[in-house]
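> Just to be clear, the model below is a prediction. Sequence and coordinates:
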Amino acid sequence: MSSSSTSPHPAVTVNSIKNLIPVILDIETGHYTTWSEMFKIQCKAHLVFNHLQPKSTTETASSSDTNKDKEKEKDTPIETWERLDSIVLQWIYSTISTDLLHTVLKPDTTAYKAWTTIANIFQDNKATCTIDLNNKFANTHQDQFPNMSAYCQALKVIFDQLTNPGSPVTDEQFVLHLYSGLTEQYENTASVIQQMKPLPDFYDTRSRLCMAESRKLSHVRHAAQSAGTALNATIEPQQKDNRDRADSQVEGLGRRFQIIERKFLLVHNYMLFGVYERESCVDTQVFDM
């Protein structure tokens, strides 16, 4: 018996579909285009893409007959159409939110019916959805985000969502709006890129804008370092003068305390012994204070 005859179906070997499709589809956040595209890729890769399409009666019958013949010929388990369809249905349920699961869950359904139900949910009210997304798209600007990468990613998400209702924004419109939402400091960069023929696509544009942002940040850091160096050069002499003045004041106070201490000793000796010495070593300021 050849090894190919005993090899399990590729879909059976998938341990966790979430590792292959890291997007959880939710009614509130959308992302249907991303989720559906990744789901179709995995179904094609694991040879079950036909389960996202209407089931052919002829195909099912011939498949059932073939499976029966194979079951008679060998003892190894055969992945029937129903089992594979249940696996795909399980993939669908595992990659959607709990709320969406409760909406589409039905007894004795098929992967194709669940797939179609989800598609209809996200493609209902196309006009309203398109208006809302277009408004969101038009009101997204760079100054709303911490960096250029976050700005580009936010617009890309909206752009992908706009393809769901069937009224997608063209790639050229997408890139032009990306430029129009930039702040004034990127006006020159945007003007240069817009003059390029043909107009760069989103990924090329994103790369150029992120590099421009990196250069600007580097210039800002360099300017800040230069300004700090100049400020230190100005402050250090002044700080030295302040330190010298403070040292002089401390030294003067020290001499004054020495004079006061000497005067105290002289007065003390006079009161005890009646001796009032006028020593030459004592500063005359002692008697004048």
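Done, it's in. Residues are numbered from 1 along each chain as shown.
> Every contact and neighbour count from this point should use C-alpha atoms.
Noted.
> So what's the residue count around E184?
E184: 10 surrounding residues under other Cα atoms under 10 Å.
> ok, now H141?
19.
> same thing with Q161?
When neighbours are counted by other Cα under 10 Å, Q161 registers 24.
> for L162, same thing?
Neighbour count for L162, taken as other Cα under 10 Å: 23.
> confidence score at it?
On the pLDDT scale, L162 is placed at 80.
> That one against V169, yeah?
Yes: contact criterion Cα atoms under 8 Å: L162 and V169 qualify, at 6.7 Å.
> how close does A138 sit to Q173?
To Q173, A138 is 11 Å away according to Cα to Cα, to the nearest Å.
> Same check on V48?
Using Cα to Cα, which is the criterion applied here, V48 is 36 Å from Q173.
> where does this structure have low pLDDT?
Along the chain, segments meeting pLDDT under 70 span 1-5, 57-79, 125-127, 164-168, 227-244, 246-247, 249-254, 257, 261, 263-289.
> Strands along that one, start to end?
For the chain, strands defined by DSSP state E do not occur.
> Can you give me the domain boundaries for it?
What automatic domain parsing lists as the domains of the chain is 3-123, 126-215.
> Which among those is found nearest to I259?
I259 lies closest to domain 126-215 among the domains of the chain, at 65.7 Å (Cα to Cα).
> returning to what we had before: between V48 and Q173, which has more neighbouring residues?
Per other Cα under 10 Å, whichever of V48 and Q173 has more neighbours is V48, with 20 against 11.
> hang on, the more buried one packs against V88?
Yes: when contacts are counted by Cα under 8 Å, V48 is listed as touching V88 (7.5 Å).
> give me the number of residues near T205?
The criterion is other Cα under 10 Å. On that basis, T205 has 20 neighbouring residues.
> any idea how far P198 is from it?
12 Å.
> So for R262, which of the domains of the chain sits nearest?
Closest among the domains of the chain, using Cα to Cα: domain 126-215, at 69.6 Å.
> neighbouring contacts of stretch 155-165?
Stretch 155-165 is contacted by residues 30-34, 122-124, 126-127, 129-130, 133-134, 136-137, 140, 168-169, 174, 178 when judged by Cα atoms under 8 Å, 6 or more residues apart in numbering.
> cool, stretch 33-47 as well?
With contacts defined as Cα under 8 Å, 6+ apart, stretch 33-47 is touched by 9-11, 20-21, 23-25, 49, 88, 160-161, 163-164.
> what's the closest of the residues you listed to N188?
When these are compared for distance to N188 (Cα to Cα), D160 wins out at 27.9 Å.
> residues near that closest one, how many?
The number of residues packed around D160, counting by other Cα under 10 Å, is 16.
> Stretch 172-182: which residues count as buried?
Within stretch 172-182, the residues that qualify as buried by neighbour count (16 or more other Cα atoms under 10 Å) are F174, V175, L176, H177, L178, Y179, G181, L182.
> Could you tell me which of those residues belong to helices?
F174, V175, L176, H177, L178, Y179 (DSSP state H).
> Look up how far V169 lies from the third one.
Looking back up the chat, that one is L176. Using Cα to Cα, one obtains 11 Å as the distance from L176 to V169.
> Could you do K55 as well?
34 Å.
> between the two, who's got more neighbours?
Taking other Cα under 10 Å, K55 and V169 do not tie; V169 has more neighbours (17 against 13).
> What number of residues are in the vicinity of the closest residue to Q53 other than its chain neighbours?
Ranked by Cα to Cα, 6 or more residues apart in numbering and with sequence neighbours excluded, the top spatial neighbour of Q53 is Y112, at 5.7 Å. Counted by other Cα under 10 Å, the residues lying close to Y112 total 19.
> my read: Y112 touches H51, true?
Yes: the criterion here is Cα under 8 Å, and Y112 meets it with H51 at 5.9 Å.
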